[in-house]
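Chemist: The amino acid sequence is not available; the structure is as follows:
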Ligand code: TIU
């Protein structure tokens, strides 16, 4: 059993029944030219979450922790895009329109795909989701159940939107989630702070908050430092 210092209290997990959930690290959110910028945001704060998330991803791969990625986006014919989502914001450029990285938030386009720093490797499922939450209209719950997963460690963007929605959905389905504060990013510093406060308030009303260093220290203590890079444990 691994133990991680976290708030509101220690997060305990068995690496064999825990998944690392990498939420929506897509060019459309992280880089200029995508959906994030089309909504009027400066995307640069999201880049700060990438280096620690990359370190956590590497540590989990080396420890044999199951890794799963998500992407928010829609079918090229936009048949799964609610009209309300298409027109929300009254922007000049909206989902499905052509941007500098292809059609915005459309599956198969460059901007929709995951940034290279945390790109999935073989054996790591990628869940394509039409909504903010990763459980809505996806097979994420089925995959986690098949793998016997009961705990989630969460990285991704953005903190108060897709990360929050997914952690709330996970909580209602009986999963324990640890959100790593330096591995999640928001366009708004105030939302980043408050979103993390909300998760851990009221005794951890829908999860735990830790950080990459404390998580990796707990993981190392549980699986040992001797694990050769790339080797699966157990
Ligand atoms: N706009 C914003 O903050 N986020 C999203 O639209 N999607 C995700 O958070 N992935």
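Modeler: Structure received. If you're wondering where the values come from, they're calculated on a predicted model, not measured in any experiment.
Chemist: quick one: contacts of the lengthiest strand in the chain?
Modeler: The strand that spans the most residues within the chain, counting by DSSP state E, is strand 176-185. Contacts made with strand 176-185 from outside it, assessed by Cβ atoms under 8 Å, 6 or more residues apart in numbering, are listed as 4, 6, 11, 13, 21, 45-49, 52-53, 56, 150-159, 163, 167, 170-171, 192, 196, 199, 206-212, 215. Just so you know, the C-beta spots here come from the backbone N, C-alpha and C atoms, and that holds for glycine as well.
Chemist: what are the pairing partners of that strand, and which direction each?
Modeler: Sheet pairing here is set by DSSP bridges, and for strand 176-185 it gives strand 151-157 (parallel), strand 208-210 (parallel).
Chemist: quick one: contacts for residue 120?
Modeler: By Cβ under 8 Å, 6+ apart, the residues touching residue 120 are 22, 67, 69, 114, 126.
Chemist: tell me the contacts of residue 114?
Modeler: 22, 25-27, 69, 71, 120, 126.
Chemist: what pairs with it across the strands?
Modeler: Beta-bridge partners for residue 114, by DSSP bridges, are residue 26.
Chemist: Quick check: it vs residue 144, distance?
Modeler: 19 Å (Cβ to Cβ, to the nearest Å).
Chemist: Residue 222 too?
Modeler: Counting by Cβ to Cβ, the gap from residue 222 to residue 144 is 20 Å.
Chemist: what residue ranges in the chain score low on pLDDT?
Modeler: Confidence mapping of the chain against pLDDT under 70 gives the ranges 225-234.
Chemist: hmm, 50 instead?
Modeler: Regions of the chain meeting the criterion pLDDT under 50 cover residues 226, 234.
Chemist: ok so residue 21 is a strand residue?
Modeler: Yes: Residue 21: assigned to a strand according to DSSP: H, G, I helix; E, B strand; the rest coil.
Chemist: how many neighbours does it have?
Modeler: As a burial measure, the neighbour count of residue 21 was computed by other Cβ atoms under 10 Å and equals 27.
Chemist: hang on, isn't it packed against residue 152?
Modeler: Yes: counting by Cβ atoms under 8 Å, residue 21 sits close enough to residue 152 to count as a contact (5.0 Å).
Chemist: all helices of the protein, in order?
Modeler: Here the chain has its helices, by DSSP state H, at 27-30, 35-38, 44-47, 50-63, 83-87, 140-146, 164-172, 189-204, 212-223.
Chemist: Pick the most buried one from the ones you listed.
Modeler: The highest mean neighbour count among the helices of the chain, using mean count of other Cβ atoms under 10 Å, belongs to helix 27-30: a mean of 27.
Chemist: That one: how far from the chain's middle?
Modeler: Shown here is helix 27-30, whose average C-alpha point lies 13 Å from the average C-alpha point of the whole chain (Cα atoms, centre = their mean, to the nearest Å).
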